[in-house]
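*Asks:* Here you go, sequence then predicted model.
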Amino acid sequence: MSRYSKTLVFFLSLWPIYVISYQIIFNKLGPEPVDRIINHFGEWTLIFILLTLSMTPLKKITKSVEWIKFRRMLGLFTFFYASIHMLSYVGLDYRFDFEPLINDVLKKKFIFIGFSAWLLLIPLAVTSSERMVRLLKQNWKKIHRLIYIIGIFGVLHYIWLSKTIFFKPLIFLIILVILLLFRIKITRSASKI
Amino acid sequence: MIKFKNSEITPENIYKKRRSFIKSIGLSASTLAMSAIPFVNKSLASERDKLTSYKDITTYNNYYEFGTSKSDPHRNSQIFKTTPWDITIEGEVEKPIKLSMEEISEMFISEERIYRLRCVEGWSMVIPWMGFSLSKLLSKVNPTNKAKFVEFESVYDPAQMKGQRYPVLNWPYNEGLRIDEAMHPLTTVVTGLYGKKLPNQNGAPLRIFIPWKYGFKSAKAIVKIKFVENMPTSSWMWASPREYGFYSNVNPNVDHPRWSQATERIIGEGVWAPRVKTLMFNGYGDEVASLYSGMDLKKNF
């Protein structure tokens, strides 16, 4: 079973692609298709950040290291969906018209923070391989702590683009805070030993 | 030589304004005539004047009383009760009145009015409303000389409107116009769309529509119209005064702090359709620009 679990997680992680393909093929994207595509991938990026951040707490709770082997794949899916999210905004919505785009990044704080989060994902994706882990040694862990900041930026990106207090971004915020609180607990108990 | 007193000479800018007003009347008359001949209209109309489908107009709504997602209003408003319904006109008026929906539909004849709707979020529709000028309704009362603004209050009924159970906005929904804006012939009382009764999710039984302003200015399900002396604070101004000004005229040159207003996406177009440029006053500048002459529209956003 566990031999196939990684393959299973891989195909499950493609779920957002299946959904959007179905909606494109059967013309179910709704009245504002471009917006729908951008939001779809934005939301799934956040879900994958939260999934990635869940693996270590799950390891602690279930006392099984099994979870950690999915962490890299989920992290890379985060980067994959974040990139589609960003590209659909840049390419599909603004058709690579860089003047308004640069204007948006500099002037609109939700775009600025979202774009920053995507930039911060790049070093994590680049250093994700086993070789890089060995090469960077203790620094690897430090670099990959960036995911906490990326998570906060990502959720802020969602909160700031909402016109008032919306339900969904708040759910993301609550889950993120819980997952980050786990880290504090973990490092505390670790420092005791 | 005949001497004119200075006061008798029409200043140039007012003269020009008169010309453009006359021109705009001619223009709207000709558009009206054209819309009577659907085939001609269709071939002449550009892509941006194509009517948005009934389905999109009635399933893609911002109406937070019924939920914050675009599909919520359609889903959550079907059992909303719009009868009986009374509207009061009060405040700085000589004699306040209360009218039932039946009385209103007997008093005023609704005509088809095709207007563009530009949402502050950067999308737009073209909607064949049924309605009449708000000025006709407001003429039923005599405002006192203190009256400077008109305030619109939407219904408050959290039992039926589940969005109102959450502090998403400062309920009841509140909007306002300057009196001259409210009396402008384009400012419309809406009672229907596509020749049918107004669907609940679009603001039944009665809403207003101001085509040159962002959509949120056009309050839905109105129960109270109040003449007031001071500029009202709308629900959106309460929520975020930095983002939503009192005027909220469609203006491609003034960015919303969160998104650019230079362009818009037309609802109903496919995935590959490009954004189009947003027009000043949503394209109704000939008719309404004179309301704001001499005003700094960046400051009075």
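*Replies:* Structure received. Numbers count the residues shown, from 1 in each chain, chains lettered A, B, ... in the order given.
*Asks:* For the rest of this, base every contact and every neighbour count on C-alpha atoms.
*Replies:* Noted.
*Asks:* For chain B, tell me whether the longest helix along chain A is touching it.
*Replies:* In chain A, taking DSSP state H as the definition, the longest helix is helix A:33-62. Yes. For helix A:33-62, a contact with chain B is found by CA under 8 Å from any CA of the partner chain, at A:Pro33, A:Val34.
*Asks:* give the contact list for residue 88.
*Replies:* I'll assume chain A. A:Ser88 makes contact with A:Val34, A:Ile37, A:Ile38 under the criterion CA atoms under 8 Å, 6 or more residues apart in numbering or on different chains.
*Asks:* Switch to chain B, please.
*Replies:* Residues in contact with B:Thr88 (CA under 8 Å, 6+ apart) are B:Pro96, B:Ile97, B:Lys98, B:Leu99, B:Val223, B:Lys224, B:Ile225, B:Lys226.
*Asks:* swap in A:Phe41?
*Replies:* Contact analysis of A:Phe41 by CA under 8 Å, 6+ apart lists A:Pro16, A:Tyr81, A:Ala82, A:Ile84, A:His85.
*Asks:* Which one (most neighbours) among those?
*Replies:* The most crowded member of those is A:Ala82, carrying 28 neighbours; neighbours defined as other CA atoms under 10 Å in any protein chain shown.
*Asks:* That residue and A:Glu43 touch, don't they?
*Replies:* No. A:Ala82 lies out of contact with A:Glu43 (CA atoms under 8 Å); the separation is 9.3 Å.
*Asks:* got the contact list for stretch A:155-172?
*Replies:* A:46, A:109-111, A:113-114, A:173, B:68, B:167-169, B:239, B:258.
*Asks:* any idea which element the nearest residue to B:Leu177 once chain neighbours are set aside lies in?
*Replies:* In space, and not counting its chain neighbours, B:Leu177 is closest to B:Val150: 5.3 Å by CA to CA, 6 or more residues apart in numbering or on different chains. According to DSSP states H and E, B:Val150 maps onto strand B:149-154.
*Asks:* Within its sheet, name the partner strands of that strand and how each one runs.
*Replies:* Strand pairing for strand B:149-154, using DSSP bridges, gives strand B:174-178 (antiparallel), strand B:222-228 (antiparallel).
*Asks:* hang on, the earlier thing: so which of the contacts of stretch A:155-172 comes closest to A:Met55?
*Replies:* Ranked by distance to A:Met55 (CA to CA), those are led by A:Leu46 at 14.9 Å.
*Asks:* mind checking how far the closest one is from A:Leu181?
*Replies:* 18 Å (CA to CA, to the nearest Å).
*Asks:* Those two: which is more packed in?
*Replies:* A:Leu46 (22 against 12).
*Asks:* Next, the contact list for the more buried one, please.
*Replies:* Going by CA under 8 Å, 6+ apart, A:Leu46 touches A:Thr78, A:Gly151, A:Gly154, A:Val155, A:Phe172.
*Asks:* My read is that the first one contacts A:Ile49, right?
*Replies:* This points to A:Thr78. Yes. A:Thr78 lies in contact with A:Ile49 (CA under 8 Å); the separation is 5.9 Å.
*Asks:* Against chain A, how distant is the nearest residue to B:Ala289 once chain neighbours are set aside?
*Replies:* Distances taken as CA to CA, 6+ apart place B:Phe281 nearest to B:Ala289, at 7.5 Å, with adjacent residues excluded. Per CA to the nearest CA, to the nearest Å, B:Phe281 is found 21 Å from chain A.
*Asks:* B:Phe281 belongs to a strand?
*Replies:* No. If the criterion is DSSP: H, G, I helix; E, B strand; the rest coil, then B:Phe281 is helix and not within a strand.
*Asks:* where does it sit relative to B:Lys298, distance-wise?
*Replies:* Distance from B:Phe281 to B:Lys298, counting by CA to CA: 13 Å.
*Asks:* got it, and B:Gln201?
*Replies:* Going from B:Gln201 to B:Lys298 by CA to CA gives 33 Å.
*Asks:* Compare the two (neighbour count), which wins?
*Replies:* In this view B:Gln201 and B:Lys298 are compared by other CA under 10 Å, and B:Gln201 has more residues nearby, 27 against 10.
*Asks:* Go ahead and confirm the more buried one touches B:Tyr64.
*Replies:* No. In this structure, B:Gln201 is not within contact of B:Tyr64 by CA under 8 Å, at 10.2 Å.
*Asks:* shared neighbours, those two?
*Replies:* By CA under 8 Å, 6+ apart, B:Gln201 and B:Tyr64 have these common neighbours: B:Pro73.
*Asks:* can you pull the buried residues of stretch B:150-168?
*Replies:* B:150-156, B:160-161, B:163-164, B:166, B:168 (16 or more other CA atoms under 10 Å in any protein chain shown).
*Asks:* meant to ask about stretch A:13-31
*Replies:* A:Ser13, A:Pro16, A:Ile20, A:Gln23, A:Leu29, A:Gly30, A:Pro31.
*Asks:* can you pull out the strands in the stretch 201-301 of chain B?
*Replies:* For the stretch 201-301 of chain B, the strands defined by DSSP state E, counting those that start in this stretch cover B:207-209, B:222-228, B:263-266, B:276-277.
*Asks:* what about stretch A:93-109, average pLDDT?
*Replies:* Mean pLDDT, computed over stretch A:93-109, is 89.
*Asks:* my bad, should have said stretch B:136-143
*Replies:* pLDDT averaged over stretch B:136-143 gives 96.
*Asks:* Kindly report the same for stretch B:166-177.
*Replies:* 94.
*Asks:* Show the end-to-end separation of that stretch, please.
*Replies:* End-to-end distance of stretch B:166-177: 26 Å, with CA to CA as the criterion.
*Asks:* Pull up the residues of the stretch 51-200 of chain B that are close to chain A.
*Replies:* So the stretch 51-200 of chain B meets chain A at B:Asp56, B:Tyr60, B:Thr68, B:Pro167, B:Val168, B:Leu169 (CA under 8 Å from any CA).
*Asks:* and stretch B:124-144, how far out from the chain's middle?
*Replies:* Between the mean C-alpha location of stretch B:124-144 and the chain-wide mean there is a distance of 9 Å, by CA atoms, centre = their mean, to the nearest Å.
*Asks:* And stretch B:71-82, by the same measure?
*Replies:* The answer for stretch B:71-82 is 21 Å, by CA atoms, centre = their mean.
*Asks:* quick one: buried residues of that stretch?
*Replies:* For stretch B:71-82, by 16+ other CA under 10 Å, it's B:Ser71, B:Asp72, B:Pro73, B:His74, B:Asn76, B:Ser77.
*Asks:* Lowest mean pLDDT among the helices and strands of the chain, which one is it?
*Replies:* By default, I'm working from chain A. Every helix and strand in chain A was compared by mean pLDDT, DSSP states H and E; the lowest is helix A:167-192, with a mean of 83.
*Asks:* let's do chain B instead
*Replies:* helix B:38-44 (a mean of 40).
*Asks:* The residue nearest to A:His144 when sequence neighbours are not counted: how many residues sit nearby?
*Replies:* Distances taken as CA to CA, 6+ apart put A:Leu124 closest to A:His144, at 6.1 Å, once the chain neighbours are dropped. Residues near A:Leu124, counting by other CA under 10 Å, number 20.
*Asks:* A:Leu124 and chain B: what is the separation?
*Replies:* Distance, A:Leu124 to chain B, by CA to the nearest CA: 28 Å.
*Asks:* gap between the nearest residue to B:Tyr247 once chain neighbours are set aside and B:His256?
*Replies:* Take B:Tyr247 and drop its neighbours on the chain: the residue closest to it by CA to CA, 6+ apart is B:Phe301, 5.6 Å away. Remark: distance between B:Phe301 and B:His256 (CA to CA) = 9 Å.
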